[in-house]
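[1] Output the structure for:
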Amino acid sequence: MYKDKKCVIVLSGGLDSSTVAYWAKSQGYQIYPIVFKYGQIAVKEVYAAKKIAENLGTSIKIVDFSALKDIFQTSSLVNRDIALSGEFSEAIIVPFRNAIFLSVAVAYAATVGANEIFYGAHDSDVAFYPDCRRDFYEAFEKAAQLGTNSNISISAPYMGKEKTDLVKAATKLNVPLELTWSCYTDGEQHCGQCESCINRKKAFQKANIADLTKYEY
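    All right, here's what the predicted structure looks like:
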């Protein structure tokens, strides 16, 4: 079934997953990116993911789960009535989001004959997001293997690294970071004030790499 070096990339359009996609391409993988509409306010990330895929010379599978917005109403990423903060808060979490995405990625991998799935989790996430932790995706991998009767692998290539390290890696891989979208809002530019924008700014500053992102603030 897995004769070719193929992988599915959960590509959000952000800095982290875009770096993973370029890394996979550099490793000789035939990549199959997939992105999700889940009712997020920042729908621009879907279009960013499409641009990244185009730059990588491939198409992207767009899965419309917009109805999940009604389920994710406790998250400020889908509910405009919940204020966004410049610091982490529980309201940012979209419950079990990565598990939902990875489930579909497993099905997609089985369909295209890929035996590996990569996503953009890293050490800067693990203190806050349960579904970005190694023990989570290793357990999920086991479930995927049992559910597909295969040796499919799920991993986060930059686990053990910080977001600053991803900025450095992205620069070496020539990732067009100016095309990526990290902001939780849907403005013309990155707001510069939400938690994700602030983390992005800090990562560039710590990496001592010029940030070409356009911010409102």
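[2] going forward, measure contacts and count neighbours with C-alpha atoms only.
    Noted.
[3] I'd say Glu87 and Glu195 touch.
    Yes - when contacts are counted by Cα atoms under 8 Å, Glu87 is listed as touching Glu195 (5.0 Å).
[4] residues near Ala127, how many?
    Residues near Ala127, counting by other Cα atoms under 10 Å, number 9.
[5] next one: phi and psi at it?
    When read as degrees, to the nearest 10, the backbone of Ala127 gives phi -70, psi -20.
[6] which residues in this structure form strands?
    Here the chain has its strands, by DSSP state E, at 6-10, 30-37, 61-64, 116-118, 153-155.
[7] from what I can see Tyr217 touches Cys194, true?
    No - between Tyr217 and Cys194 there is no contact under Cα under 8 Å: 10.2 Å.
[8] Those two: which is more packed in?
    Cys194 (20 against 9).
[9] ok, now which ones touch that one?
    Contact analysis of Cys194 by Cα atoms under 8 Å, 6 or more residues apart in numbering lists 84-87, 183-184.
[10] repeat for Lys6
    Neighbouring residues of Lys6 by Cα under 8 Å, 6+ apart: 29-32, 113-116.
[11] One more pass at 7 Å, please.
    29-31, 114-116 (Cα atoms under 7 Å, 6 or more residues apart in numbering).
[12] More neighbours: which of Glu87 and Glu195?
    Just comparing Glu87 and Glu195: by other Cα under 10 Å the higher neighbour count belongs to Glu195, 19 against 12.
[13] Not counting sequence-adjacent ones, nearest residue to the more buried one?
    In this structure, Glu195 finds its nearest non-sequential neighbour in Gly86, 4.2 Å apart by Cα to Cα, 6 or more residues apart in numbering.
[14] I'd say the one you found and Gln193 touch.
    Yes - if you go by Cα atoms under 7 Å, Gly86 and Gln193 touch, sitting 5.6 Å apart.
[15] Those two: which has the busier surroundings?
    Gln193 (20 against 13).
[16] I'd say the more buried one and Leu84 touch.
    No - in this structure Gln193 lies outside contact range of Leu84 using Cα under 7 Å: 8.8 Å.
[17] Can I get the contacts of Cys194 in TSV including pLDDT and distance to Ala107?
    Shown next, in TSV, are the contacts of Cys194 (pLDDT from 0 to 100; distance: Cα to Cα, whole Å):
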residue	pLDDT	distance to Ala107
Leu84	95	33
Ser85	93	35
Gly86	95	36
Glu87	95	35
Cys183	98	29
Tyr184	98	28
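[18] ok, so of the residues you listed, who is nearest Asn174?
    Distance to Asn174, by Cα to Cα, is smallest for Cys183 among the contacts of Cys194, at 21.2 Å.
[19] That closest one: how many residues sit nearby?
    26.
[20] quick one: contacts for Val175?
    Counted by Cα under 7 Å, 6+ apart, Val175 has contacts 19, 22.
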